[in-house]
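A.B. asks: Pasting a predicted model and its sequence here:
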Amino acid sequence: MKIAMGRMPRALKEAGLSAKMLLQVHDELVFEVPEAELEKTKEIVKTVMESAADLGVPLVAESGSAKNWAQAH
């Protein structure tokens, strides 16, 4: 998680996105994302999260979106 969090701001910036990582809740990251950038941001976040470590088993990241964290599940 910490590796992915460290890589995330640069990945978002390099992709030209204005999404902001707001906080971590257990094994989740919460972002503020303009609606127009939602799908591209999801792609970048998934890529960064799933490539954070090579564990010999696949890391799988899922995403949800909503106006607030509780509704995103």
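C.D. replies: Now that the structure is in, tell me what you want to look at.

A.B. asks: who's in contact with Glu37?
C.D. replies: 17-19 (C-beta atoms under 8 Å, 6 or more residues apart in numbering). All C-beta atoms are positioned from the backbone trio N, CA, C, and that covers glycine.

A.B. asks: Could you dump these into TSV with distance to Val33 and neighbour count added?
C.D. replies: Below are the contacts of Glu37 laid out as TSV (distance: C-beta to C-beta, whole Å; neighbours: other C-beta atoms under 10 Å):
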residue	distance to Val33	neighbour count
Leu17	8	20
Ser18	8	12
Ala19	4	21
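
A.B. asks: any idea how far the residue of the chain positioned farthest from its centre lies from Pro34?
C.D. replies: Using C-alpha atoms, centre = their mean, the residue of the chain lying farthest from its centre is Gly56. It sits 21.7 Å away. Distance, Gly56 to Pro34, by C-beta to C-beta, to the nearest Å: 37 Å.

A.B. asks: For the residue farthest from the centre of the chain, give me its contacts.
C.D. replies: If you count contacts by C-beta under 8 Å, 6+ apart, Gly56 has none.

A.B. asks: Tell me which residues touch the one residue sitting closest to the centre of the chain, please.
C.D. replies: The residue lying closest to the centre of the chain (C-alpha atoms, centre = their mean) is Val45, at 3.3 Å. When contacts are counted by C-beta under 8 Å, 6+ apart, Val45 is found next to 8, 29, 31, 61, 63.

A.B. asks: ok, now Val60?
C.D. replies: Taking C-beta under 8 Å, 6+ apart, one finds Glu50 in contact with Val60.

A.B. asks: ok, now how distant is it from Leu17?
C.D. replies: According to C-beta to C-beta, Val60 stands 22 Å off from Leu17.

A.B. asks: same check, this time on Leu38
C.D. replies: 10 Å.

A.B. asks: Surely Ser18 and Ala36 touch.
C.D. replies: No: using C-beta atoms under 8 Å, Ser18 makes no contact with Ala36, being 9.5 Å away.

A.B. asks: Sticking with Thr47, tell me its helix or strand.
C.D. replies: Assigned by DSSP states H and E, Thr47 belongs to helix 38-50.
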